[in-house]
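Student: Everything below, folded, please.
(one chain, ligands or ions: 1)
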Amino acid sequence: MIKVGLISLGCAKNLVDSEIMVGHLHKAGMQMTADTAKADVVIVNTCSFLNSAKEESIQTILEAHEERGMRKRRKEQKLIVAGCMSQRFSKDLPGALPEVDAFIGLDQVTKVATVIEELYEKERNTLEAVPNLVDERSVYIPDYDTPRFRLTPRHLAYVKIAEGCNHPCSFCIIPKIRGQHRSRTIESVVREARQLVAEGVREINLISQDTTYFGMDRWEKRPNPRSPVDSSRGDSLTMLLRELEKIEGDFWIRILYTHPAHWSPELIETIASSRKVARYVDMPLQHISDHMLGAMKRETSSAYIRTLVRDMRAGIPGLALRTTFIVGFPGETEEDQAELLDFIRETRFDRLGVFEYSQEEGTRAAKLENQTPARVKKRRWHEAMRLQREIAAEVSAASVGRQLRVLVESTGVARGEADAPDIDGRVYVSASLPVGEFADVTITGHAGYDLLAGVEAPEADAFRDLQPAQ
Ligand code: F3S
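Tutor: Predicted coordinates:
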């Protein structure tokens, strides 16, 4: 029996692709191993979003190759490279990395077992060149019955509701990698969600490049990002949420990766009236100055974003708002940075990530001449993060003494509605609670971005003497 090891890099979208590969390998009778040293085949599922992710991917591939060279019994081990880097550099990688036995693209995740079988049929040294099986354009989208083996804990799942992206953001390479936006049907997503809930999943994380664009690719006329979303024109995220709400059971639905351009009053109302959709919104804004939003081609304006944030907070009581900003985009001035810092200070985001702009080959922004020097990017990043650390500590302090419903991740570790898996903070509970189930706790303190909690009244809690981290 062929043993396969898989290293999954990058985001949750890539993780779902890894899960689909594992599902197909199982179906073909192959065995997975967590120990790559014992594998006959190692697959590296790569990320290529930023230069740092590319470097990590190449490093991982070279380490996997080196490792098989060091183990006599593993000299015959095959090395397959999959994922976003493989897709993005499909023409150059086979020449640059001759150590690799085959490259597969995003649309070959369901064919990975066949690729392995073929590699075994033809001996590597009889092949004229490294097989490059990457299609030029990615068009694949999974369905509810696509074989998949979940790599997340039993109580948690990612559901890819769409793939690809139609936005023109000038800093981002993802549309070129993952192709045009294509949505699944509502029925397909609901069938998958129903099955997951039946298997004991307590948190369904809806993902795609832009979850708010769900269904719109099938609308007759392409939606204008400047006009209000009108879901009477076809499937929309609002309609999907209403259908998911009908699934019986105790579970959370979390919406990740929304785009500000496609929010609507209807979506705000749907979340506000739902018993299952988490009061948590992930909405990357990237900047707030009109100068930068225009240069980034974000299809939004400063006034629009400010109104939207106000409407979301007013319409969804208790909402935890997460966003990300990019500092040091080409041409960003000190005035732009000051406007961004003021906006962070005024808005007090519950969760915030800040990234230094990365000049990515193949993007429009990479060709701009007025690139920001590295030391300026770093300084602006520190300014924004310092400010957010203070705000985050105040937001956490305000929750001390409150009751919170959490999902228990492991012994002593849980997560509230306001914290997405692998992105946000955790709630450390001074009591042993059943893993994978919901529990009610009382917040007793905070440490950095995390909360401390107990199941008793705050004064009886074991964490009571701990001081918040600086
Ligand atoms: Fe995700 Fe990296 Fe691809 S962030 S979509 S794995 S480029």
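
Student: check contacts around the residue of the stretch 301-450 of the chain found nearest the ligand.
Tutor: Of all residues in the stretch 301-450 of the chain, the one sitting closest to the ligand is Glu360 (10.0 Å; Cβ to the nearest ligand atom). To be clear about C-beta, it is placed using only N, CA and C from the backbone, and glycine gets the same treatment. Neighbouring residues of Glu360 by Cβ atoms under 8 Å, 6 or more residues apart in numbering: 50-51, 171-173, 366.

Student: Highest neighbour count among those?
Tutor: Highest neighbour count within the contacts of Glu360: Phe171, with 23 neighbours (other Cβ atoms under 10 Å).

Student: for the stretch 51-200 of the chain, which spans come out with low pLDDT?
Tutor: Along the stretch 51-200 of the chain, segments meeting pLDDT under 70 span 71-75, 123-131.

Student: oh, I was asking about the stretch 351-470 of the chain
Tutor: 456-470.

Student: which residues in it form strands?
Tutor: 351-356, 403-410, 413-416, 427-429, 438-447, 450-454 (DSSP state E, counting those that start in this stretch).

Student: With mean neighbour count and distance to Ser236 added, can I get those strands in a markdown table?
Tutor: Formatted as a markdown table, the strands of the stretch 351-470 of the chain follow (neighbours: other Cβ atoms under 10 Å; distance: least, Cβ to Cβ, whole Å):
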| stretch | mean neighbour count | distance to Ser236 |
| --- | --- | --- |
| strand 351-356 | 19 | 25 |
| strand 403-410 | 17 | 27 |
| strand 413-416 | 21 | 28 |
| strand 427-429 | 24 | 33 |
| strand 438-447 | 20 | 29 |
| strand 450-454 | 24 | 34 |
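
Student: who in this structure is up against the ligand?
Tutor: For the chain, the residues in contact with the ligand (Cβ under 6 Å from any ligand atom) are 10-11, 13-14, 47-49, 53, 84, 174, 177-178.

Student: what residues are up against Leu119?
Tutor: Contacts of Leu119 (Cβ under 8 Å, 6+ apart): 41, 78, 80, 101-102, 131.

Student: Of those residues, which belong to strands?
Tutor: 41, 78, 80, 102 (DSSP state E).

Student: May I see those residues organised as TSV, with distance to Met385 added?
Tutor: TSV is the format used below for the ones in strands among the contacts of Leu119 (distance: Cβ to Cβ, whole Å):
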residue	distance to Met385
Val41	41
Lys78	43
Ile80	38
Ala102	41
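
Student: Looking at those residues, which is nearest the ligand?
Tutor: The closest of the ones in strands among the contacts of Leu119, once distances to the ligand are taken by Cβ to the nearest ligand atom, is Ile80, at 16.3 Å.

Student: Touching, the closest one and Val41? I think so.
Tutor: Yes: Ile80 lies in contact with Val41 (Cβ atoms under 8 Å); the separation is 6.4 Å.

Student: Overlap in contacts, the two.
Tutor: 116, 119.

Student: The closest residue to Ser208 other than its chain neighbours: neighbour count?
Tutor: Using Cβ to Cβ, 6 or more residues apart in numbering and skipping the chain neighbours, the partner closest in space to Ser208 is Ala162 (3.7 Å). Using other Cβ under 10 Å, Ala162 is surrounded by 24 other residues.

Student: same question, Glu203
Tutor: 24.

Student: Then Val22?
Tutor: What Val22 shows, counting by other Cβ under 10 Å, is a neighbour count of 23.

Student: Check which helix or strand it maps to.
Tutor: For Val22, the host element (DSSP states H and E) is helix 12-27.
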